[in-house]
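# Generate coordinates for the sequence data below:
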Amino acid sequence: MRSSRFRFSGRDKVMYSEVMSRPAQSEFDRADQAAQYIHSKTDVRPQIALVLGSGLGAIADSLAGAISIPYSDIPFYPRPTAEGHAGRLVIGRAAGVAVAAMQGRVHLYEGHPVKDVVFPMRAFGRMGIRGVILTCAAGGISAKYSQGCLVVIRDHINLSGTSPLIGPDDRRFGIRFVDMSEAYDAEWREAALEEARKLGLEVFCGVFAGLSGPSYETPAEIRYLREIGADLVGMSTVNEVIAARHMGIRVLAISCVTNMAAGIVHRPITHQEVLETGARVRAGFEALLWAVIPRIVTVNS
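Residues are numbered from 1 along each chain as shown. The predicted structure is shown next:
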């Protein structure tokens, strides 16, 4: 009887040995390749990166002189599967400032490892970007909030169960033990709050709890989160912020309260509600971003 076991030929063994002896490609090298590819597609060199969360991706359509690059074209770039995340990188100008805007992101709950979740931050760092604005949808915990309000994040609680800094210590990205006492830039936060007041927007400042998802929280979990100091809760952002700060990238994060958390209001929570609320507040959110971007570039210079 012929054995079903695969047999290497002599040539196969040599090729296999050569492949196995090559050093594994590092995350730094992968991020560098992604950055080089993005730079090859445009002469625009973004100063600010913008991450657009659930229901907010259409904001990037307002960038002037924009080009769009599907994530699937960018080496090693993770592709989102969640509804409301288009999976395109749009590079253009907002209020005259060169911006790289992500229309959607990937999440832990899609099955991605944390290194993939933060890979765009790594690529932005290798592109020379020194500031990022992260947006996200969130459930409101604070009684002060209402559906559709915006919250500038001043701090976070990482309950995702992981960190992008676990694993090999590649100091080309930054030092392993990162100070997170000022993870969210105080000057940028004040600039955002001031511009929001000028625009007449209902904007708050709060602490964001980041969980892995994808199920929404139970009322008991929301009571716990309120007890430990969380004002709102979501399924993204915290690991991206850690990776950004690891590379010395300044961070501003603004969340849209797309629903009130479980137990705050007594009705089911749906993803459709999240997307609809994001679409409803888009105009105000966009106006705030376009007002803030030139301000923080000035602060960053």
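# Who are the packing partners of the lengthiest helix in the chain?
As assigned by DSSP state H, the longest helix anywhere in the chain is helix 282-300. Contact here means 3 or more CB pairs under 8 Å, 6 or more residues apart in numbering; DSSP states H and E; on that basis helix 282-300 packs against strand 48-52, strand 88-94, strand 97-103, strand 131-140, strand 150-158, helix 186-199, strand 250-260. For glycine as for every other residue, the C-beta is placed from the backbone atoms N, C-alpha and C.
# which helices and strands sit right next to the third one?
In terms of contacts (3+ CB pairs under 8 Å, 6+ apart), strand 97-103 is packed against strand 48-52, strand 88-94, helix 282-300.
# need the next SSE after the first one, C-terminal direction.
I take that to be strand 48-52. Heading C-terminal from strand 48-52, the first helix or strand you meet, by DSSP states H and E, is strand 64-70.
# Identify each buried residue in stretch 239-258, please.
Buried residues in stretch 239-258, counted by 16 or more other CB atoms under 10 Å: 239-247, 249-258.
# nearest to residue 61, of the helices and strands packed on strand 97-103?
strand 88-94 (7.7 Å; CB to CB).
# Quick check: mean pLDDT of the closest one?
Computed over strand 88-94, the mean pLDDT rounds to 96.
# picking that back up, of all the helices and strands packed on helix 282-300, which one comes closest to residue 177?
Judging these by CB to CB, what sits closest to residue 177 is strand 150-158, at 15.1 Å.
# relative to helix 282-300, how tilted is the closest one?
70 degrees (axes from the mean of the first three to the mean of the last three CA atoms, to 10 degrees).
# Give me the residues contacting strand 150-158.
Contacts with strand 150-158, where a contact means CB atoms under 8 Å, 6 or more residues apart in numbering, come from 138, 140, 145, 183-184, 189, 192-193, 196, 201-210, 225, 228-232, 237-239, 241-242, 252-257, 281, 284-285, 288.
# before we move on, what about stretch 89-99?
Counting by CB under 8 Å, 6+ apart, 38, 41-42, 44-50, 60-71, 74, 77, 100-103, 289-291, 293-294, 297 sit against stretch 89-99.
# Using CSV, list the CA coordinates for that stretch.
Extracted C-alpha coordinates of stretch 89-99, given in CSV (Å, rounded to 0.1, in the frame of the first residue of the first chain):
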residue,chain,number,x,y,z
LEU,A,89,-7.7,54.8,3.7
VAL,A,90,-8.6,58.2,2.4
ILE,A,91,-5.8,60.8,2.1
GLY,A,92,-6.7,64.4,1.4
ARG,A,93,-7.0,67.8,3.1
ALA,A,94,-9.2,69.0,5.9
ALA,A,95,-9.2,72.8,6.4
GLY,A,96,-5.9,72.8,4.5
VAL,A,97,-4.2,70.2,6.6
ALA,A,98,-3.0,66.9,5.1
VAL,A,99,-4.9,64.0,6.7
